[in-house]
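K.L.:
next come a sequence and a model predicted from it.
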Amino acid sequence: MALPLQAGLTPMEVAFLCEMEMVTVVPRQRLERLNLLSGPTPALRPPHRAPLPLWLALLLKRQRRANILPPPWLLPSSLERILKHETETSPLAFSPPPPHPHPITARISPTDHISPPFLPSSTAEAPPDYLPYHWLELGEILLEAASDDVPEPDRVRGLLRDLREVRMSKMRGSVKVLEGEGGGVSKMTGVGAMEVAEGRGFILGVLDGLRRLGSSREVARREREEEEGGGEGSEDEAMGFE
Amino acid sequence: MSYYDIDAILTDNQKVPCTFNLTLPHLGYLDSAPGRPLPSGTKVDLPLWLAERLAVSQLTPQTSLITLDLPPSLSPRVMNALKADPKSVDLRSLAANFYGLAERILDLFEEEEVCDVLLESWRVRASEGVEFLRGLSEEERVLFRSAHDSSKAMRVWMGEMKKR
């Protein structure tokens, strides 16, 4: 409370992180390799497609040196299917995140641990019908900066709004099913970065309230356990009398 | 809760009904009879911070100075109303810092059922929110504000995108 900073990331910070995502561009001009910290970019030769990080693609797009290919999941047909999945197929759970592109088998391989920011989930080869981690912010950024590259931008914008509404109300509703005591954490698979940023304040607040109200019971339970277990660990005791 | 937390201070300041177990000289003004002793068995509303200390301190191993009663905002009547429909109860008129008070009282009393009812009503009221803002307790307002702030930050960001 002393520090006016909120826990977690602000929407602007999330959007900044999102600019690391790879997107596919169709260059209009030649551009040699650029040596970036994340490695060299491919040499751009029109009309060959090339993957670039979003921030660079946006820069080239603003200078009219390239067009951005929207990822397949951002097409209206795909968004409609996702929305249908959210509202009809599974009205309680979030739609699943994209499947891992490298098959995960019993044998451990280094690709097992690559997770969304480092997996190209928004290039032209990304699977349709799945919302990746940065879906909301990437969709919004593309609609703003490259709306002429997205087919039916107004419909896409409307669908993104609908999806956000549906999923936020699910997130709010999820606290209803939380268990009061102990292990009731609702399932959040498939939630995007921006949704986490938006829902954090509310969900943490609810959980904190539950924790405070249940704290007396928790202390009593701990004392009981201690009596039964013959006083193991003085740490618990110290915590009980805060 | 920090030392300077205004909500914690306000919570501490809420009155709870107490019964004195001793006759106390010169304290009659607490019961609107100044100059006379306060007879044992008198019921007086004391602020929580004082009542808690007095109830915990023991004169002899059997008796303490005062006996705490459940405050009216946590009475069985309120609990039944919360059980019936958590959303319809105006918690703010009962106690501004309702949950803070409840938390402290639950530390002092062993009230399993009250605890259950409060957990449930916190959960249900949190997920409904908006329409009955007037009846929200202070804690619920804080929660509502933080949820509102994050969605406002989100809208601001979306608005800024438009400008560029």
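P.N.:
Arrived safely.
K.L.:
okay, now the unreliable bits of the chain?
P.N.:
Picked chain A for this. Residue ranges of chain A with pLDDT under 70: A:1-5, A:116-117, A:176-186, A:230-242.
K.L.:
chain B, not that one
P.N.:
Segments of chain B classed as low confidence (criterion: pLDDT under 70) are B:1, B:128-135, B:162-164.
K.L.:
which residue lies nearest the spatial centre of it?
P.N.:
The residue at the geometric middle of chain B, judged as the C-alpha nearest the mean C-alpha position with CA atoms, centre = their mean, is B:L101 (2.2 Å).
K.L.:
surely that one touches B:P72?
P.N.:
No. Contact between B:L101 and B:P72 fails when scored by CB atoms under 8 Å: they sit 10.9 Å apart. Using the backbone N, CA and C atoms, a C-beta is placed for each residue, glycine as well.
K.L.:
could I have the longest strand along chain A exported to CSV, CA atoms only?
P.N.:
Secondary structure of chain A per DSSP state E: the longest strand is strand A:22-27. Output in CSV follows, covering the C-alpha atoms of strand A:22-27 (Å, rounded to 0.1, in the frame of the first residue of the first chain):
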residue,chain,number,x,y,z
MET,A,22,7.4,-13.5,-34.6
VAL,A,23,5.1,-12.6,-37.5
THR,A,24,5.3,-13.3,-41.2
VAL,A,25,5.9,-10.3,-43.6
VAL,A,26,5.8,-9.9,-47.3
PRO,A,27,8.6,-7.4,-48.1
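K.L.:
now the element after that strand, going C-ward?
P.N.:
Past strand A:22-27, heading to the C-terminal end, the next element that is a helix or strand (DSSP states H and E) is strand A:35-36.
K.L.:
what lines up beside the helix or strand that that next one is followed by in the sheet?
P.N.:
Where DSSP H and E defines the elements, the next helix or strand beyond strand A:35-36 is strand A:39-40. Sheet neighbours of strand A:39-40, with direction, are listed as strand A:35-36 (antiparallel) (DSSP bridges).
K.L.:
now find how far off-centre the strand it pairs with is within its chain.
P.N.:
27 Å (CA atoms, centre = their mean, to the nearest Å).
K.L.:
so what's A:G209 closest to, chain neighbours aside?
P.N.:
What sits nearest to A:G209 in space, not counting adjacent residues and going by CB to CB, 6 or more residues apart in numbering or on different chains, is B:W122, at 5.0 Å.
K.L.:
what is the neighbour count of the one you found?
P.N.:
Each residue near B:W122 was counted by other CB atoms under 10 Å in any protein chain shown, and the total is 27.
K.L.:
which residues of chain B fall in helices?
P.N.:
B:6-12, B:48-56, B:76-84, B:91-94, B:98-108, B:112-128, B:138-163 (DSSP state H).
K.L.:
send me stretch A:133-153 as CSV with only the CA atoms.
P.N.:
Extracted in CSV, the C-alpha atoms of stretch A:133-153 (Å, rounded to 0.1, in the frame of the first residue of the first chain):
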residue,chain,number,x,y,z
TYR,A,133,-0.7,-16.4,-25.3
HIS,A,134,-0.5,-12.9,-26.8
TRP,A,135,-3.8,-13.1,-28.8
LEU,A,136,-5.5,-10.0,-27.6
GLU,A,137,-2.7,-7.6,-27.8
LEU,A,138,-1.3,-8.9,-31.0
GLY,A,139,-4.8,-8.8,-32.6
GLU,A,140,-5.3,-5.2,-31.4
ILE,A,141,-1.8,-4.1,-32.6
LEU,A,142,-2.3,-5.6,-36.0
LEU,A,143,-5.7,-4.1,-36.4
GLU,A,144,-4.3,-0.7,-35.6
ALA,A,145,-1.1,-0.7,-37.5
ALA,A,146,-1.9,-3.0,-40.4
SER,A,147,-5.7,-3.0,-40.7
ASP,A,148,-5.4,-3.1,-44.5
ASP,A,149,-3.5,-6.4,-44.3
VAL,A,150,-6.2,-8.1,-42.1
PRO,A,151,-9.2,-9.3,-44.1
GLU,A,152,-12.5,-7.8,-42.8
PRO,A,153,-10.9,-5.7,-40.0
